[in-house]
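Q: starting from these lines, generate the structure:
(2 chains)
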Amino acid sequence: MCCLEKVPMSRPVVTRFAPSPTGMLHIGGVRTALFCWLFARKHGGRFILRIEDTDLSRSTDDNIRIIEEGMAWVGLDWDEGPIVGEPSQWKGPHGPYRQMQRMESHYKPAVEKLIAEGKAYRCRCTREELDERRKLAEAKGVPFSYNLGVDAGKGCRDANHDASQPYSVRLKMPQDGAIVLDDLVKGRIEFPADTLDDWIIARTGEGTEIGVPTYNFCVVVDDTGMEVTHVIRGDDHVANTPKQIALYQAMGFELPRFAHVPMILGKDGAKLSKRHGATSITEYQALGLLPSAVRLALARLSWTPKIDGKAVESAEEEILTDEQMIQLFDLNEIQKSPARFDMDKLSWMNQKLIQKATWQELEPHLRPFLPEAWSAKPEDWKRIAITATQKGKSLVEMAEALRFAFERPTEFDEKGVAKFMTEAVKPALREVAGLSDYAHDALEAAFNAILERHGLKTKDLAQALRVALCGKPVSPGIFDTLMLLGPDEVLARLEKWL
RNA sequence: GGGGCUAUCGUCUAGGGGUUAGGACAUCGCCCUUUCACGGCGACAACACGGGUUCGAAUCCCGUUAGCCCUACCA
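A: Below is the predicted model:
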């Protein structure tokens, strides 16, 4: 069944990605964002980027820019959210899209309303008192709770405190039954009410003021205010969801659909972290990966698209275009269990995508990995350079394979010299140096003629040329190598060997 | 401690009562070849464990184990 059919509301699909600007854009976050993006695109809906910058100590405009640029690079464009390079502006009708800018306008009125309606209450318990109780519970080996079980009746739930003293604000949770979450990927999950106690929606403020609201509160206010219909997020949020559901209900809002997607683990099954290698999207960019490869690899982690009801059955089918992914995407096909990140497969997909791309498509991605001189080269030259190296696993490999075209070799591979720079081959080399018609066919014909005259095999001459021209017996196809260098440069590099 | 989620080749996964348990990446071997690659062909390789239910269980149920998440006036 399509998840859309289960949505009671007839509003257009809206998803959102809400990262914290804490210094980098994590690959796991990008994957979640990708699912949100795919889902929105598939259903012709909107995709929102929202910045959760309530962690004042780590949130900076620079970090927000890192997120924006990372998202832009990986090709996840947002319909609503911040405007790159304009910290105080945004696009979309539900702004601001930075939480710190929503305090007075959105969060505080919502808290006040809940208190006024008796759905939430002021709590005068201090952090110290709470810590004390927590320690006590721990010593006794019983679970701490604010107002549940043995702690029932404790706390300020029924005290009806006014605002005359500093207070935090807690939400009254239902006290019996269960909160059920009908998750689009995990299925039905029940949370017994007696495990969910009254939680803080707003921290203690100054004097009679309401303090800064907490994450679980802001999320709900934002998601309702921004008309989010499908909350697609990491499954580390599953256990937060019953709190949020209770809040939706207290505020009288219709529930969105929830889809908790599994997290990405490192190769060893531990949470993906620095020691597994690259975790930030910026690093993947630097590795010479195509954004399309990153999208594909990330999407295929935990998701098996079905074509006509069948999962992909060949290497060819693994390489999906964005259009195919958007068309095929279905939350029902997402795995419940976490997946381990596999750099090898990403790398293979990257290679396949490089092979499939036209040289024009590749050029802008490749350019940053090449020296300045690249830009000045004629189109034809670029075409040859790219098509000649399009077997590489990454843009870095391609650039590396083209180095010889920009730098004369300073060192020469000893084994290569010993093996291929024979006396027998030198006269042939001399003839190659004299060639002037560098059109591919002419070059090939002349090359073969030289071979014949000197009784050499292709390998003998080609390898000797590679060593002389590139310093090592490795280069693109020999005719491409010659063409990229051109007759003058070939002559110059050959001179010392004649 | 409590609550929740998860478990098929090394990795991503298909399959959901009867299959030689299928594919992809990686690995290994062979072939192709002007180098390196690409490409082609092939091989290796899995149902976490223990109980049920059943004529029959990877598949359904219950336990166990392991991993992860939440259990904050973090997000």
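
Q: which residues of the stretch 201-350 of chain A fall in strands?
A: A:210-213, A:230-234, A:257-261, A:264-265, A:306-307, A:310-311, A:339-340 (DSSP state E, counting those that start in this stretch).

Q: got the ones you listed as JSON lines, with distance to RNA strand B columns?
A: C-beta: built from backbone N, CA, C; applies to glycine. JSON lines is the format used below for the strands of the stretch 201-350 of chain A (distance: least, Cβ to the nearest atom of the strand, whole Å):
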{"stretch": "strand A:210-213", "distance to RNA strand B": "6"}
{"stretch": "strand A:230-234", "distance to RNA strand B": "8"}
{"stretch": "strand A:257-261", "distance to RNA strand B": "8"}
{"stretch": "strand A:264-265", "distance to RNA strand B": "7"}
{"stretch": "strand A:306-307", "distance to RNA strand B": "7"}
{"stretch": "strand A:310-311", "distance to RNA strand B": "4"}
{"stretch": "strand A:339-340", "distance to RNA strand B": "4"}
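
Q: tabulate those (a markdown table), appending mean neighbour count and mean pLDDT.
A: As requested, those are exported to a markdown table (neighbours: other Cβ atoms under 10 Å; pLDDT from 0 to 100):
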| stretch | mean neighbour count | mean pLDDT |
| --- | --- | --- |
| strand A:210-213 | 21 | 92 |
| strand A:230-234 | 23 | 96 |
| strand A:257-261 | 23 | 96 |
| strand A:264-265 | 22 | 90 |
| strand A:306-307 | 12 | 90 |
| strand A:310-311 | 10 | 89 |
| strand A:339-340 | 15 | 92 |
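
Q: need the contact list for the closest residue to A:Val220 other than its chain neighbours.
A: In space, and not counting its chain neighbours, A:Val220 is closest to A:Leu247: 4.7 Å by Cβ to Cβ, 6 or more residues apart in numbering. Residues in contact with A:Leu247, defined by Cβ atoms under 8 Å, 6 or more residues apart in numbering, are A:Leu171, A:Ile201, A:Asn216, A:Phe217, A:Val220.

Q: what's opposite the first one in the beta bridge?
A: When bridges are called by DSSP bridges, A:Leu171 pairs up with A:Ala120.

Q: please name the bridge partners of the closest residue to A:Trp78 other than its chain neighbours.
A: Excluding the flanking residues, the one nearest A:Trp78 by Cβ to Cβ, 6+ apart is A:Leu49, at 3.9 Å. Counting by DSSP bridges, A:Leu49 forms beta bridges with A:Phe17.

Q: contact partners for A:Leu49?
A: Going by Cβ under 8 Å, 6+ apart, A:Leu49 touches A:Arg16, A:Phe17, A:Ala18, A:Ile67, A:Glu68, A:Met71, A:Trp78, A:Glu80, A:Gly81, A:Pro82, A:Tyr97.

Q: among the residues you listed, name the ones in helices.
A: With helices taken from DSSP state H, the overlap with the contacts of A:Leu49 comprises A:Ile67, A:Glu68, A:Met71.

Q: separation between the second one and A:Cys470?
A: To A:Cys470, A:Glu68 is 41 Å away according to Cβ to Cβ, to the nearest Å.

Q: with the first one instead?
A: In this view, A:Ile67 and A:Cys470 are 42 Å apart by Cβ to Cβ.

Q: returning to that earlier point: so which of the ones in helices among the contacts of A:Leu49 comes closest to RNA strand B?
A: A:Ile67 (12.3 Å; Cβ to the nearest atom of the strand).

Q: from what I can see that closest one touches A:Pro19, true?
A: Yes: in terms of Cβ atoms under 8 Å, A:Ile67 counts as a neighbour of A:Pro19; the distance is 5.6 Å.

Q: out of these two, which sits in the busier spot?
A: Shown here are A:Ile67 and A:Pro19; by other Cβ atoms under 10 Å, A:Ile67 has more neighbours (27 against 23).

Q: what's the closest non-adjacent residue to that one?
A: Nearest residue to A:Ile67, sequence neighbours excluded (Cβ to Cβ, 6+ apart): A:Leu25, at 5.1 Å.

Q: for stretch A:467-486, buried residues please.
A: A:467-473, A:475-476, A:478-485 (16 or more other Cβ atoms under 10 Å).

Q: so is that stretch next to RNA strand B?
A: Yes: looking at stretch A:467-486 against RNA strand B by Cβ under 7 Å from any atom of the strand, the contacts come from A:Pro473, A:Val474, A:Ser475, A:Pro476, A:Gly477, A:Ile478, A:Phe479.

Q: identify the residues contacting that stretch?
A: A:381, A:384-385, A:388-389, A:401-402, A:404-405, A:409-413, A:416-417, A:419-421, A:429, A:432, A:438, A:440, A:443-444, A:447, A:461-463, A:465-466, A:490, A:493-494, A:496-497.

Q: and the residues you listed, which are buried?
A: The neighbour count (16+ other Cβ under 10 Å) marks A:384-385, A:388-389, A:401-402, A:404-405, A:413, A:416-417, A:420-421, A:429, A:432, A:438, A:443, A:447, A:461-463, A:465-466, A:490, A:493-494, A:497 as buried among the contacts of stretch A:467-486.

Q: where's the residue nearest to A:Ile67 relative to RNA strand B, distance?
A: 13 Å (Cβ to the nearest atom of the strand, to the nearest Å).

Q: could you do A:Asp182 as well?
A: A:Asp182 is 12 Å from RNA strand B, by Cβ to the nearest atom of the strand.

Q: pop out the phi and psi values for that residue.
A: Here is the backbone geometry of A:Asp182 (degrees, to the nearest 10): phi -100, psi 90.
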